[in-house]
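>>> Fold the stuff below for me.
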Amino acid sequence: MKGTRREFLGQSARMIATGIVGSTVVNNLANGAEPTPPATQPTQAKPPVALRTLGRTDLNVSVVSLGTANASEPVVRYAVEHGVNFIHIADDYMGGKSLVEVSKGIKGKRDKLLLGLKTTWKWMDPRADVILDRDLRKLGTDHVDVIFFHFHNTPEMVGDPRVKEAFDRWKKAGKVRYMGLTTHGGMKACMEAAIKTGWYDCLMPIYNLSMRYEYKSIFNACEKNKIGFIAMKTMSRRIFGEHFGYVPAMLRDSAVTTICKTLPSLAAVKKIIDAAKAPVSDRDAERMVELAARMDFGRCRMCGTCTGVCPNGLAVNDLVRSVDYYVDTMGEYDMGKEVFDGIDRSRSAGVCRDCGQCERACPNRVPIRHFIRRAGDMFA
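Below you'll find the predicted structure:
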């Protein structure tokens, strides 16, 4: 790639201005503005947030849903009151504080919404049932609608019979209803393994518009097997700024059930809900996909290839993610540090021998060693 990063971003901005992405998307969708209705059409009140059925389940999920990596009671309450009916949670978010904030935000509203809980604990641990019960008590509920098993770079574990045994035990006890997978490392292999088992009712990987073409086979398999698809970590600040202009383009994929996003403020909740209602043409949607693919070249897509080839066993994917996604893309230093601090020291930045195997294997030409060094300097 010739030229500096600054020059490349400048070229991309000119692409927007000259038509690679239409002005409708830039000026209306990205800024959250409502389109002016044609003169022949009467102005109508905003509809509630649209619902889509989550795969083969009986869950009708709002097309935008709430992540809680940095939850606050007012944001949770506001989102639920304005039509967002699915909340994804994990007991390690904010060191456990997110569970408390969610429980306060949903108090008195449990029957109006759906909850998904990620298993951050070891599901084969004898204490797994105790931990699940503890989380349910903290949430103030006796069950969650989806229990998400959390796997990275380990498609063999996705199909481990013990996973299904844990799910069946919890379902029989009335503590969970449906089975899901979350992943942000070796994602495609893990999703393919999940689909092959026939156990999982929904998948929740990292997904942004730059990945649309490579996910086509996953989307086709999800639709064929009636598996729900929940997109997380969808926003590319470097492409769309602080806005949610990508949302209507992403929702044009019928396989995408909902976009799950941690939202920092009431204003952000309103913006993403408004964006989900905004129209976008096929042409503008394709242009946005094209721009996203171009802009994401050289940036981590969290495929997990790097972790798989590291001779020293580093958690390469997580090290890169702590800086490239959380700090550079989302501007969330504290969340990046939380990811870094969660990496075992034997697999962290200090173990890197600078051999370069990760970079040679990376399909997207990410300067991985640069991010590992930055992670060590920034967080260690």
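>>> Please count neighbours and contacts with C-alpha atoms only from this point.
OK.
>>> OK, contacts around the most centrally placed residue in the chain?
Most central in the chain under CA atoms, centre = their mean is residue 232, positioned 1.2 Å from the mean C-alpha point. The neighbourhood of residue 232, defined by CA atoms under 8 Å, 6 or more residues apart in numbering, consists of 204, 205, 206, 207, 259, 260, 261.
>>> Give the bridge partners for it, please.
residue 206, residue 260 (DSSP bridges).
>>> roughly how far apart are it and residue 266?
Look at residue 232 and residue 266: by CA to CA, to the nearest Å, they are 19 Å apart.
>>> just residue 182 next, same as before
For residue 182, the distance to residue 266 - CA to CA - is 26 Å.
>>> These two: who's more crowded?
residue 182 (24 against 14; other CA atoms under 10 Å).
>>> Backbone dihedrals for the closest residue to residue 107 other than its chain neighbours, please?
Excluding the flanking residues, the one nearest residue 107 by CA to CA, 6 or more residues apart in numbering is residue 140, at 7.7 Å. When quoted as degrees, to the nearest 10, the phi and psi of residue 140 stand at phi 70, psi 30.
>>> Report how many residues lie close to residue 140.
Neighbours of residue 140 (other CA under 10 Å): 18.
>>> shaky segments in the stretch 201-350 of the chain?
The stretch 201-350 of the chain contains residues with pLDDT under 70 at 235-243.
>>> could you redo the last one with a cut-off of 80?
Applying pLDDT under 80 to the stretch 201-350 of the chain flags residues 235-243, 293-304, 325, 329-332.
>>> give me the element residue 230 is part of.
Using DSSP states H and E, residue 230 sits in strand 228-232.
>>> chain center to that strand, what's the gap?
Here the centre of strand 228-232 is set off from its chain's centre by 7 Å, with CA atoms, centre = their mean, to the nearest Å.
>>> now swap in stretch 63-71 and tell me
With CA atoms, centre = their mean, you get 9 Å for stretch 63-71.
>>> now the end-to-end length of that stretch.
Stretch 63-71 has an end-to-end distance of 19 Å (criterion: CA to CA).
>>> And stretch 325-341, by the same measure?
16 Å.
>>> Same check on stretch 298-315?
19 Å.
>>> And that stretch, what's buried?
299-310, 314-315 (16 or more other CA atoms under 10 Å).
>>> again, but for stretch 209-227
Applying 16+ other CA under 10 Å to stretch 209-227 flags 209, 210, 212, 218, 219, 221, 222, 223, 226, 227 as buried.
>>> what do you get for stretch 270-280?
Neighbour-count burial for stretch 270-280 flags 271, 272, 273, 274, 275, 276, 277, 278, 279, 280 (criterion: 16+ other CA under 10 Å).
>>> what helix or strand does the second one sit in?
Under the assignment given by DSSP H and E, the secondary-structure element containing residue 272 is helix 266-277.
>>> which among the buried residues of stretch 270-280 gets closest to residue 379?
Each of the buried residues of stretch 270-280 was scored against residue 379 by CA to CA, and residue 272 proved nearest at 31.1 Å.
>>> gap between the closest one and residue 330?
Taken as CA to CA, the span from residue 272 to residue 330 is 16 Å.
>>> Show the end-to-end separation of stretch 90-106, please.
For stretch 90-106, the first-to-last residue distance is 15 Å (CA to CA).
>>> in that stretch, what's buried?
Neighbour-count burial for stretch 90-106 flags 90-94, 97-106 (criterion: 16+ other CA under 10 Å).
>>> Residue 155 reaches residue 195, doesn't it?
No: using CA atoms under 8 Å, residue 155 is not in contact with residue 195, being 10.8 Å away.
>>> And the two? Which one has more around it.
residue 195 (21 against 18).
>>> and the more buried one, what is it in contact with?
The contact partners of residue 195, taken as CA under 8 Å, 6+ apart, are 221, 222, 225.
>>> Out of these, list just those in helices.
Counted as lying in helices by DSSP state H, out of the contacts of residue 195, are 221, 222, 225.
>>> and of those, the nearest to residue 248?
Nearest to residue 248, judged by CA to CA, of the ones in helices among the contacts of residue 195 is residue 222 at 20.0 Å.
>>> Test my guess that that closest one contacts residue 255.
Yes: the pair residue 222 / residue 255 is scored as a contact, 6.7 Å apart, by CA under 8 Å.
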